[in-house]
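> Give the three-dimensional model of this entry:
(chains A and B)
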Amino acid sequence: MDQLGFNLKSFAECTADLVILLVALCRMFVVVEMVDTVRIPPWNFHRQLNDAIAEELNKKLANKVVYNVGLCICLYDITKLEDSYIFPGDGASHTKVHFRYVVFHPFLEEILVGKIKYCSQEGVHVSLGFFDDILIPPESLQQPAKFDEAEQVWVWEYETDEGAHDLYMDQGEEIRFRVVDELFLDTSPTGPKTEQEAPPSSTTPAAAADDSTQKKETPYTLLGSISEPGLGLLSWWNS
Amino acid sequence: MWHHYNVLTVKASRNGGKCSVQRRDANAAMLSNYEVYQLLMELKEKRKESVKNKHSTGQQNLNTIMYETLKYLSKMPCIHQSPETVKEFLSAMLPHKLTKAEKLQLLNHRPQTAVEIQLMVEESEERLTEEQIDELIQKVTDILPGDPQQEGSSSADAEMDASTDQC
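The predicted structure follows:
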């Protein structure tokens, strides 16, 4: 209630005050300007405000995907600090901070190099180490391609004058691909009615046939393509 | 082909809900792999000094993403770059009339073959002749430093030749 004469902000509002001012889509790594209210508890008042704020922001955003922005890496800098307020009932200070964050958000058509994580019926799964959800669907592989069920690998049936030469896309191989699409999914918590009743299936690729019952929702997925000369395993093109 | 994102979401201010939509110059926000690598290395040094906080549960995410991203970037040619080489490279690229994104891809990947150049430069068959592509490869190889281990053997040979000349 408004006993002390100024607007009481609910704590939920404070923490949800993340506003994205600019999302530029031009690079593997981009700098995104954001505004947020950072809460510093009293036991951190002895620290330099900038350091305490930087730590809180990294705690909140590092290694997390922000919807429609990308995977946050680390704080770039703090551009503006507004006044710090203390609200009744909470001893902590709340400061509105304008800052810039380094975000992983490759642009469409960009060329990237990653490692093959595993193959499945859905395609080839590629990882960059810090980002794992990259998929190259079967139609975007070098054609003709077939899936070897026994070894669980995709194979490029490269045709030369001497006949078909099978090129295997093995796990751990370095692969150059082009980003052709990106998918952002809002994975915020929803109500109880959307909870799944199916028992959790195993996460090995061999159980891929069962994934209609349990779909792992990744907040940020990239779709790639290797259907151009120069793309695919690095070993295919290095003489 | 190019997606441009506008500013989004509602800002909850003290005066009630307010919708703000702004769009700014996209070029200002590009970062090369070299810049990200430098930033992460500096952050790593700073965090080494404050050993106390590093391992608390809240910091685990930052530790993970820093470690993995540095591991990924360490395998790229960007780690051998410096602000001077980047400047030299960009001025050498001026006559070729490439877009900012194309120059940045060449800077990040250091292509050695014509096929790679064709992947990174849009419509390269129409914009670049074969000699120009070779010229680009030559400039990239000369100006941007590569892996010293791979090139150490060739430069050591050159040094040996020079020293034998002096003898």
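
> ok, the longest strand anywhere in chain A near chain B or not?
Of all segments of type strand in chain A, defined using DSSP state E, the longest is strand A:70-86. Yes. Strand A:70-86 is in contact with chain B by Cβ under 8 Å from any Cβ of the partner chain, via A:71-74, A:76. Glycine gets a C-beta too; all of them are placed from N, C-alpha and C.

> next one: stretch A:130-143
Yes. Counting by Cβ under 8 Å from any Cβ, chain B has neighbours in stretch A:130-143: A:F130.

> Now do that stretch: distance to the chain's middle.
Taking the mean C-alpha point of stretch A:130-143 and that of its whole chain, the gap between them comes to 15 Å (Cα atoms, centre = their mean, to the nearest Å).

> can you give me the end-to-end distance of it?
Distance across stretch A:130-143, first residue to last, is 29 Å (Cα to Cα, to the nearest Å).

> Just the buried residues of it, please?
A:130-131, A:133-136, A:140-142 (16 or more other Cβ atoms under 10 Å in any protein chain shown).

> What of stretch A:113-120?
Neighbour count says stretch A:113-120 has A:113-114, A:116-120 buried, by 16+ other Cβ under 10 Å.

> Mind checking which of the residues you listed are in strands?
Among the buried residues of stretch A:113-120, the members falling in strands (DSSP E) are A:113-114, A:116-120.

> Show me which pair in those residues is furthest apart.
Spatial extent of these (Cβ to Cβ) is set by the pair A:V113 and A:S120 at 21.1 Å.

> My read is that A:V65 contacts A:P219, right?
Yes. Under the contact definition of Cβ atoms under 8 Å, A:V65 touches A:P219, with a separation of 4.2 Å.

> what about these two, which has more around it?
Summary of the neighbour comparison: A:V65 and A:P219, criterion other Cβ atoms under 10 Å in any protein chain shown, with A:V65 having more neighbours (22 against 16).

> so what pLDDT did the more buried one get?
Turning to A:V65, the model gives it a pLDDT of 93.

> for it, which residues make a bridge with it?
Here A:V65 shows beta-bridge partners A:L71, assigned using DSSP bridges.

> and it, what does it touch?
By Cβ atoms under 8 Å, 6 or more residues apart in numbering or on different chains, the contact list for A:V65 reads A:71-72, A:184, A:219-220.

> before we move on, the earlier item: ok, so of the ones in strands among the buried residues of stretch A:113-120, who is nearest A:W237?
Where those are concerned, and distances follow Cβ to Cβ, A:W237 has its nearest neighbour in A:V113, at 11.7 Å.

> Check whether the closest one really touches A:L234, as I assumed.
Yes. A:V113 is within contact range of A:L234, at 7.2 Å (criterion: Cβ under 8 Å).

> Would you mind extracting the C-alpha trace of the helix or strand encompassing A:D51 into PDB?
Secondary structure here is read from DSSP states H and E; on that basis A:D51 sits in helix A:49-61. Once non-C-alpha atoms are left out, helix A:49-61 reads as follows in PDB (Å, rounded to 0.1, in the frame of the first residue of the first chain):
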ATOM      1  CA  LEU A  49      28.400  -0.600  -7.300                       C
ATOM      2  CA  ASN A  50      29.600  -1.300 -10.800                       C
ATOM      3  CA  ASP A  51      31.200  -4.600  -9.800                       C
ATOM      4  CA  ALA A  52      28.200  -5.700  -7.800                       C
ATOM      5  CA  ILE A  53      25.900  -4.900 -10.700                       C
ATOM      6  CA  ALA A  54      28.200  -6.600 -13.300                       C
ATOM      7  CA  GLU A  55      28.100  -9.800 -11.100                       C
ATOM      8  CA  GLU A  56      24.300  -9.700 -10.800                       C
ATOM      9  CA  LEU A  57      23.800  -9.200 -14.500                       C
ATOM     10  CA  ASN A  58      26.200 -12.000 -15.400                       C
ATOM     11  CA  LYS A  59      24.500 -14.300 -12.900                       C
ATOM     12  CA  LYS A  60      21.100 -13.500 -14.500                       C
ATOM     13  CA  LEU A  61      22.000 -13.700 -18.200                       C
END
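
> Could you list the domains of chain A?
Taking automatic domain parsing as the domain assignment, the record places the domains of chain A at A:2-104, A:111-238.

> Check chain B too.
Partitioning chain B according to the TED database yields domains covering residues B:30-48+B:57-79, B:81-143.

> Count the neighbours of the residue lying closest to A:I53 once chain neighbours are set aside for me.
Taking Cβ to Cβ, 6 or more residues apart in numbering or on different chains as the measure, A:I53 lies nearest to A:V38, with 5.0 Å between them; neighbours along the chain are not counted. Burial of A:V38, expressed as a neighbour count using other Cβ under 10 Å, amounts to 26.
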